[in-house]
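Colleague: Sequence and predicted structure are below.
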Amino acid sequence: MTGRPVRLPFRVELARQLSQWRVRIALGVLALLPVVVRIALLIGGPPPSSSRGTTDLTALAQVSGATFAAFVLVLTGGFLATLVAALLFGDLIAGEASRSTLKYLLTVPVPRLRLLGVKVQVATVLLLAGLIALTGVALLVGVLSYGPGGLQVPGGPRLELGDSVLRLLATTGAAAAGLLWAAALGTLLTVVSDSPLAAAGGVVLASILSRILDQIPALGDLRVALPTHYSTSFHAFLTTPVDLGPVADGVLSGLIWAIVLGTIAAWRFSRKDVSG
Amino acid sequence: MRRLRIAAVAIVVAVLGALAPSAPALAAGTPSTRSFFVTVPDAPGSGTTIRLDATLYTPAVTPAPAVLLAHGFGQTKADLAPEARRLQGEGYVVLAYTARGFGSSGGLIGLDSLDGEVPDARAMVDVLATDHAVERRSGSPVVGVVGGSYGGALALMLGATDPRIVTVVAAITWNDLADALAPPSAGTAGSATTRRDFKVGWASRLFGAGIAGATTGCGRFTPAFCDLYHRLVTGGTATPADLALLARSSPSSVLSRMKAPTLLLQGIQDRLFGLDQADANERQLVAAGAPVQVGWFDGGHDGGGTAGTDGEIDRWLAAHLRTASPVSSRFAFAVPASATAFGESRTAARYPGLRGTGSIAVRLHGGAQTVVNPPGGLPASVTGIPGLGTGTSVGRTASSLLAAANPPAEAAAFASATLTSPAVLAGAATVRLRVEPAAVGTVVLYVQLSARTGDAVRALPGGVAPVRVDLPASGGEVTVTLPATVWRFTPGDQVVLTVRTSDSQFLGSPTPASDRIALDGPISLPSVAVVAAKPTAGLPTTGVLIGIGAALLVAVLLLVLAALLGRRTGPAPEVAEEGPPLELAGLVKRFRGGFLAVDDVGFTVQRGQVLGLLGENGAGKTTTLRMVAGLLRPDAGTLSAFGAPLGPGSPVLDRIGCFIEGPGFLTHLSGRRNLELYWAATGRPLRDAHLEEVLRVADLGAAIHKRVAGYSQGMRQRLGIAQAMLGLPDLLVLDEPTNGLDPPQITALRGVLHRYAAAGRTVVVSSHLLGEVERTCSHVVVMSHGRLVAAGPVATIAGEADELVIGATDAAAAVAAALAAGVASAAPAGEGSVRVVPGGVPTEAVVAALVGAGVGVTSVGRGRHLEEAFLELIGATEPSA
């Protein structure tokens, strides 16, 4: 034997995932959502001519292309993105197990941590691609519909388009960081459960529970431990001035969740008896 | 605070809890808290007394410097508890008490009167002076006083009237109560009569706090103050007697006696006690020769009170109470967040007053405009609500919503061009207005400064400047000094000056009026040259950044650890002498729930063998093969393949092709694509796959290009076996490969496996089809109930291929006859049959011998008898079967 072959190369796993309709649909929903939102706004008729001092978000959304994109990101960044992350990461291992393909990957042999690692990488890339597509399509649809104007900060200035695009990218990045916990929890559940739907459902359930608990002020500072506590921190990039404090808090929270849940997931998977 | 009585003072300490009459002189103990009442005279020289509710916080280490804490209006000592505990933790003796007229303390509210609250405070210093826990320096107790708002004025007045006070911290408080509550009009400086406007919004709110819970209109106010309030709020003007009363409650009357180092902290969001009050205090303290430092922070009565000043106060006490460091002249001021920038803390070399160290002139446009004051016009223009903080986005939003309803006819607005460079206003802006009233009389106007960014207008903190001047019909110029504040204008902003005829926070005028307003020259915005600036918000805290760094480090370490663990099972140890393709020893596997699936199983498969693994359902065949494939970890025992250890992910699995418990495919892809992707996952070159050869085995024809979802079970089965054969592995492990195959396919598979083994490779097949195993395999391992019951060549287990099974009417006689005929061996095999190994004796001779011995021959069969052997083996372990 000369040289160790690279088991399950990244591009192979990417091809395997992309061949699946559920992955394509999840990403397609993200990419097409801006179009759906635009159509919904069309049905509602044109925005009121005077948006001065308006507090109506949908009217604000139609002020400019970049503002529309920001509006779409705010709509999506919380729950839909969590759902897509849950689907992608909940499918990692449980999806293979439910198709009986897991055992054959393991006898290739793909070492277990390598298998999990490659799958996490692929799901991460897919999720990021979905979010970037969402932002890009939203910006494109927005610019085509409402002109190439920059981001209108609520109660603040209208930004330059270039600055706005950078901010939208930063928003996307921060929103992605806000999904770290969901990705890690999905990874853990997909290792523990043999059903991809159960794993994804578990993430969604945890997200809802966390959001409910976050609404209870009596919990006070305990709420910072909730995984969704910083889920709206990406909004910071859509306001002026940009407060990086909550963004950093959100990143730290996400990293801690990811490390804890990810480590448990890796440990469990490396020792798991694979059946079915 | 209120405190009556010059205290010559018999102080009675009525201890609610236990008395601790003698404290140790020096001690490190545990922090303690003690509540008691202090009895003070009701008025200086009066014989009647009142009791004040106090709590003493003693730190762990004593003696220690003492801090007297004074609370804000409407509060009690309980509101001071968090700050008191913090300072106790910092190592100070802390005395917090409830001022007269509030909470459980007796007496009436005198608004920090020199005839009430100030002597009370001195009585509190007496308490500290007699406490052994309080440090003494040159014979005097070391006592500082800290207070905010109502407590701030008391702190200043106590510091000025009690020489024992070492240092004073006064936050968001007044200098002259008359000026604070009924500010003199802008533009009347130097005129004969000072016109005042009553700050009715804040005053009524404070009065309300003072009468909370009362059943009379005056609540716990002294009658003099109650009268004064009633008169002012109903439109009366303050008389000289009123002003004298207010002066008794103003630091301005005593500050000339202050010697103690003083820290003045004033909030830039304060329409009650603005920066002008701190500025007046500063000037008097400097004149008195007291060391003084001024700080403007982003807070105040409109913006979160004194929140955020703890650190500043602690530093001050450490430097000027615990030690006696010289007072720095530096001046720190907060710049609040703007639409595009975060809050900053800026430092100037020294306090410049309200006029700054320089100024920027900004021309405002708008021409002459007429504003009206309709009689009884409601609503009055809203520029803010007391208690509705402008320091929060909610407060700002609510304020801007309220302001949106302001009557437009009552306002004139003058706006600058958009600014092209940033500018920070720090101090009191001034502007000259030309006002032409429609009729001779008193003109009442309210002037406010705002910043406009796009569509959004934000009022500058600090409130409005009231203007109440008498003008002739020809009009006149009025120089308006706006409330001092700090604000950052960013490029793109406009400076907006609004002049209104009403303001909900001021008494205003009921007289109808119509005034023509124009600007006379640019507005002058003071600025302060700074020596340092640092952002106070918008950046992550260092702790969080360190946390992120640490988290990333942990993540990297975990990944490295995972890689190392992976490597441990990694490279196949190159064995000099290659071992047998498969060697199992002492394997045990117990599933969760305790089911013992495999119990001490061990066997060896040699090169070129086709090994059949036999056993009833649940015998442990599949579990054993799963362990071979690395899907399960054995609880005990060892596995090796070709001499290399075998386990989950072992590289030697490269040489093993597996088909275990049914096929698994991406059913939306074609069979061929599945095989290609599977091989791609091995990371080995495609040419090693022998794809075409394997596809011939699968024998799927054109279906190989169709989606697996449409395959029959047999087709999937063949594709699965083909997948196992990809790369032509040295060891092929097939679990129940014949499931779903029809007889011709089974026959074909048999040929495939024979050829496969004939090429020097090895095959392990599990099956429960005995005939199949018998015909396919060279060796066999029999398992039952998790245990290995037999292993060896098929011939050994099942007999030689030329064996005869003869049905005989008399088995015993048949055996005897056969042996007599010279066969190699003969034995009864169940009811009415015998097994004969003919050796060299032809079959017909054996039959003839039996017939000749009078035994009836009912049947003659040739071949192995694995089934019987198997049932025998199973039966041996399971007698009841």
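Modeller: Structure received.
Colleague: Look through the chain and tell me its longest helix.
Modeller: The chain I'm using is chain A. In chain A, with assignment by DSSP state H, the single longest helix is helix A:112-146.
Colleague: Wait, chain B was what I had in mind.
Modeller: Assigned via DSSP H, chain B shows its longest helix as helix B:542-568.
Colleague: same for that helix, what does it pack against?
Modeller: When contacts are defined as 3 or more C-beta pairs under 8 Å, 6 or more residues apart in numbering or on different chains; DSSP states H and E, helix B:542-568 packs onto helix A:112-146, helix A:244-271. For the C-beta atoms, the positions are set from N, CA and C on the backbone; glycine is no exception.
Colleague: tell me the secondary structure for B:Ser514?
Modeller: Here B:Ser514 is recorded as strand under DSSP: H, G, I helix; E, B strand; the rest coil.
Colleague: Could you check the pLDDT of it?
Modeller: With respect to pLDDT, B:Ser514 has a value of 88.
Colleague: Same check on the one 10 residues further on?
Modeller: Among the per-residue scores, B:Ser524 shows a pLDDT of 94.
Colleague: so it sits in a strand?
Modeller: Yes. Counting by three-state DSSP, B:Ser524 is found in a strand.
Colleague: list the contacts for it?
Modeller: B:Ser359, B:Ile360, B:Ala361, B:Ala429, B:Thr430, B:Val431 (C-beta atoms under 8 Å, 6 or more residues apart in numbering or on different chains).
Colleague: Can you give me every residue that contacts the fifth one?
Modeller: B:Thr430 makes contact with B:Thr479, B:Val480, B:Thr481, B:Leu482, B:Ile523, B:Ser524, according to C-beta under 8 Å, 6+ apart.
Colleague: ditto for the second one
Modeller: For B:Ile360, the set of contacting residues under the criterion of C-beta under 8 Å, 6+ apart consists of B:Ala423, B:Ser524, B:Leu525, B:Ser527.
Colleague: switch to 6 Å and redo it
Modeller: By C-beta atoms under 6 Å, 6 or more residues apart in numbering or on different chains, B:Ile360 lies in contact with B:Ala423, B:Leu525.
Colleague: So which bits of stretch B:305-315 are buried?
Modeller: Buried residues in stretch B:305-315, defined by neighbour count with 16 or more other C-beta atoms under 10 Å in any protein chain shown: B:Gly305, B:Thr306, B:Gly308, B:Thr309, B:Glu312, B:Ile313.
Colleague: And for B:Thr623, nearest residue in space, chain neighbours not counted?
Modeller: B:Ala597 (4.3 Å; C-beta to C-beta, 6 or more residues apart in numbering or on different chains).
Colleague: Kindly reformat the contacts of B:Ser524 as a markdown table containing distance to A:Arg158, pLDDT and secondary structure.
Modeller: Putting the contacts of B:Ser524 into a markdown table (distance: C-beta to C-beta, whole Å; pLDDT from 0 to 100; DSSP: H, G, I helix; E, B strand; the rest coil) gives the following:
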| residue | distance to A:Arg158 | pLDDT | secondary structure |
| --- | --- | --- | --- |
| B:Ser359 | 30 | 92 | strand |
| B:Ile360 | 25 | 92 | strand |
| B:Ala361 | 28 | 93 | strand |
| B:Ala429 | 27 | 95 | coil |
| B:Thr430 | 32 | 93 | strand |
| B:Val431 | 29 | 94 | strand |
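Colleague: Go through those and say which is closest to B:Pro386.
Modeller: B:Ala429 (23.0 Å; C-beta to C-beta).
Colleague: B:Leu525 is in contact with that closest one, correct?
Modeller: Yes. At 5.0 Å, B:Ala429 and B:Leu525 qualify as touching, with contact defined as C-beta atoms under 6 Å.
Colleague: Give the closest residue to B:Ala178 in space, chain neighbours not counted.
Modeller: Per C-beta to C-beta, 6+ apart, closest to B:Ala178 is B:Leu246, 4.2 Å.
Colleague: Can you name the residue of the stretch 151-300 of chain B nearest to chain A?
Modeller: Among the residues of the stretch 151-300 of chain B, B:Asp298 lies closest to chain A, at 14.1 Å counting by C-beta to the nearest C-beta.
Colleague: ok, that residue - contacts?
Modeller: Counting by C-beta under 6 Å, 6+ apart, B:Asp298 makes contact with B:Ala334, B:Pro336, B:Gly343.
Colleague: quick one: the second one from chain A, how far?
Modeller: Which is B:Pro336. 11 Å (C-beta to the nearest C-beta, to the nearest Å).
Colleague: That residue: how many residues sit nearby?
Modeller: The local packing of B:Pro336 (other C-beta atoms under 10 Å in any protein chain shown) involves 25 other residues.
Colleague: can you tell me which residues contact it?
Modeller: With C-beta under 6 Å, 6+ apart, B:Pro336 has these contacts: B:Asp298, B:Gly343.
Colleague: now B:Arg363
Modeller: B:Pro522.
Colleague: hmm, try it at 10 Å
Modeller: B:Phe414, B:Ser416, B:Ala417, B:Val495, B:Leu519, B:Gly521, B:Pro522, B:Ile523 (C-beta atoms under 10 Å, 6 or more residues apart in numbering or on different chains).
Colleague: How about B:Gly647?
Modeller: By C-beta under 10 Å, 6+ apart, the contact list for B:Gly647 reads A:Pro109, B:Thr569, B:Met627, B:Val628, B:Gly630, B:Leu632, B:Arg633, B:Pro634, B:Thr638, B:Leu639, B:Ser640, B:Leu653.
Colleague: Distance to B:Thr796 added to those residues, as CSV?
Modeller: What follows is the contacts of B:Gly647, written out as CSV (distance: C-beta to C-beta, whole Å):
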residue, distance to B:Thr796
A:Pro109, 34
B:Thr569, 37
B:Met627, 25
B:Val628, 23
B:Gly630, 31
B:Leu632, 30
B:Arg633, 32
B:Pro634, 27
B:Thr638, 25
B:Leu639, 24
B:Ser640, 24
B:Leu653, 30
